[in-house]
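Trainee: I'll drop the sequence and a predicted model, then ask my questions.
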Amino acid sequence: MNPSTQPRTTHRPMEVLVSSPRSRFAVLGLSFAFLAAACSGGGAASQAPGASSSGAASPSSDVSNEPSIAPTALTVGLGYIPSVQFAPFYLAQQEGLYTAAGLTVTFQNKIDPDLVALVGAGSIDVGISDGTSVIPAVSQAIPIQYIATLYGQFPNVVFAKTSSGIKTAADLKGKKIGTPGRYGSSWVMLQALLASAGLTTDDVQIVEYPDYTQRIAVEQGAVDAATGFSNNEPVQLELGGDPATVLHIDGITALPGPGLIAGTATLDAKHDAIAAFVAATLQAMEEIKADPKVGLDAAIVAVPELAADRAGQTAVLAATIDSWTGPVQAQHGLGAIDTNGWIDSIAYMTTLGLVAKPVVVEDVVRTDLLPGGD
C-alpha cells in the first residue's frame, strides 16, 4: 500500500487462520485493565491495605514494596501521510485500549519500503505493509513476518471514468494506463489483471506518474484508466462528479492485502505485548465498522486538518471499512489470515521474478499473534 496517495483533505477453498469471537477482545482488554489496576502504584483504587487516606501506612499494615509493572513500549509505523485510513489506531490510542493492554504506543509515519527495512532491523516494532512487499522482502532475508490482515480485499485497483466504456480487464487493450511506476503492489496487481484477459503490459500504453497524479490524469482525459486504491482515487473521482468504474483483482488472482508486520526478533522478545496490540487494534476496527463516526472523529482528533473535508473523509473511511472484509474475514472475523491465498500469491510472484530465493508460507506469515492464534 502506498499511503502517500491518500488524500489529506481532498480462490479456491481457503485454509485460514481465524481470530476468535470478538468477545475475546473485551475479555483481553479487561484482563489487562485489571492487571494494570492491580499493579499500579497510584490512585485510591490501588491503595495498599492498611494505608491511611493520605497514603501513609498504619503501623499494622503489610505494605508490599514491589515496583509496579511498567508498560511495554511499542513503536508502530503507519503510512507516510497521517490519514483517516488509520482511524483504528487513533481510536485505540484515544480510547485507552492500548493503555489498558499494558502498552505505551508511539506512532511514526513512513513509506512502505522504509517500514519493511526498519521493522526488519527492529527499529520499529510493528508496521503496516502490503503482502506483496512482504514476500520479496522475506525472500531477500529481511526478517519480518505478517501477523494480521488489515485489508481482506486487495485495495489496489484499476479505475476509469464510467464514460470511458471500460468495464472489464479486456477493455484495457490498447488503452493508456497511468501508474506511479513499474514497481510495487499496483504494478503486480496490474500485471495480474491484464493476464486474466490474456493481455500483458505490452498490450497497453503505460504512462508513469511518479508524483501520484494519475487520478488527475484520468479526470483530464490524459489517460483512459489508472492504478490506485479502492479507498482513494475512485472515491475522489466520484466526489468530483465523475462516476467511476473499478476493476478489482480479488477473485482473479490471490494477492494478500496490507496487514501488520513485525520483525522476527521483536516477535520473540515482545510476543505478548504485540499480541495485545493486535487485539486492541482489531477491537477498534470492529467499533468503527459498527459506527464509522467514531472512527472519523478519532481521525480528526489525530489529524485536525481532516475536518475541513468531513464529507470527503467520510466517503474515504466508508470505502476503507469495506476493504477490511474479504470472504475469510466475513466468515471468521477481522484480522483472519487466508493461508492458501498466501501460498498462491507466493507462487504468482515467483512467476514474475520477484522472489529472490524460495519461501514458503510459514516463512512469511506468523499466526499466533491473532486472538485465538496457535
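Mentor: Great, that's in hand.
Trainee: looking at it, Ala148 is touching Gln329, isn't it?
Mentor: No: counting by Cβ atoms under 8 Å, Ala148 stays clear of Gln329, with 10.7 Å between them. Glycine gets a C-beta too; all of them are placed from N, C-alpha and C.
Trainee: what sits in contact with each of these two?
Mentor: Shared contacts of Ala148 and Gln329, defined by Cβ atoms under 8 Å, 6 or more residues apart in numbering, comprise Gly335.
Trainee: higher neighbour count, the two?
Mentor: Between Ala148 and Gln329, Ala148 has the larger neighbour count (other Cβ atoms under 10 Å), namely 29 against 24.
Trainee: Give me the three-state assignment for the more buried one.
Mentor: Under the three-state scheme (DSSP: H, G, I helix; E, B strand; the rest coil), Ala148 adopts strand.
Trainee: so what's it up against?
Mentor: Residues near Ala148 by Cβ under 8 Å, 6+ apart: Gly259, Leu260, Val278, Thr281, Leu282, Gly335, Ile337, Leu369, Leu370.
Trainee: One more pass at 6 Å, please.
Mentor: Remark: with contacts taken as Cβ atoms under 6 Å, 6 or more residues apart in numbering, Ala148 is in contact with Gly259, Leu260, Val278, Gly335, Leu370.
Trainee: If it is in a bridge, with which residues?
Mentor: For Ala148, the beta-bridge partners under DSSP bridges are Leu260.
Trainee: Can you give me the pLDDT of it?
Mentor: For Ala148, the pLDDT comes out at 98.
Trainee: Buried residues in the longest helix that the chain contains, which are they?
Mentor: Using DSSP state H, we find that the single longest helix of the chain is helix 271-290. Neighbour counts over helix 271-290 (16 or more other Cβ atoms under 10 Å) mark 273-288 as buried.
Trainee: tell me the phi and psi of Ala244?
Mentor: Dihedral pair for Ala244: phi -120, psi 140, per degrees, to the nearest 10.
Trainee: Give me the nearest residue to it, chain neighbours excluded.
Mentor: In space, and not counting its chain neighbours, Ala244 is closest to Pro234: 4.2 Å by Cβ to Cβ, 6 or more residues apart in numbering.
Trainee: how many other residues sit next to the one you found?
Mentor: Neighbours of Pro234 (other Cβ under 10 Å): 24.
Trainee: cool, Ala330 as well?
Mentor: By other Cβ under 10 Å, the residues close to Ala330 number 11.
Trainee: again with the one 10 residues further on
Mentor: The number of residues packed near Asn340 is 16, by other Cβ under 10 Å.
Trainee: about what we covered before: so the residue nearest to Ala244 is in which element?
Mentor: helix 233-239 (DSSP states H and E).
Trainee: For that helix, name the packing helices and strands.
Mentor: For helix 233-239, the packing partners by 3 or more Cβ pairs under 6 Å, 6 or more residues apart in numbering; DSSP states H and E come out as strand 244-247, helix 310-323.
Trainee: and the first one, C-alpha only, in CSV?
Mentor: Taking only C-alpha atoms (Å, rounded to 0.1, in the frame of the first residue of the first chain), the coordinates of strand 244-247 have been written out as CSV:
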residue,chain,number,x,y,z
ALA,A,244,-16.1,5.6,-11.7
THR,A,245,-15.7,2.0,-12.9
VAL,A,246,-13.4,0.0,-10.6
LEU,A,247,-11.6,-3.2,-11.6
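Trainee: if we can go back for a sec, can you lay out the contacts of Ala148 as TSV showing distance to Leu194 and pLDDT?
Mentor: Shown next, in TSV, are the contacts of Ala148 (distance: Cβ to Cβ, whole Å; pLDDT from 0 to 100):
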residue	distance to Leu194	pLDDT
Gly259	25	97
Leu260	30	98
Val278	35	98
Gly335	31	97
Leu370	34	96
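Trainee: related to what we said a few turns ago, run through who's touching the longest helix of the chain.
Mentor: Identification of contacts with helix 271-290 by Cβ under 6 Å, 6+ apart yields 22, 25, 28, 72, 74, 87-88, 91-92, 97-98, 101, 103, 148, 262, 294-295, 321, 334-335, 369, 371.
Trainee: got the angle between it and helix 310-323?
Mentor: Counting by axes from the mean of the first three to the mean of the last three Cα atoms, to 10 degrees, helix 271-290 lies at 120 degrees to helix 310-323.
Trainee: Which helix or strand lies directly C-terminal to helix 271-290?
Mentor: helix 292-302.
Trainee: Tell me how far that following helix lies from the chain's centre.
Mentor: Helix 292-302 sits 17 Å away from the centroid of its parent chain (Cα atoms, centre = their mean, to the nearest Å).
Trainee: Okay, buried residues for it please.
Mentor: Neighbour counts over helix 292-302 (16+ other Cβ under 10 Å) mark Pro292, Val294, Gly295, Leu296, Asp297, Ala298, Ala299, Ile300, Ala302 as buried.
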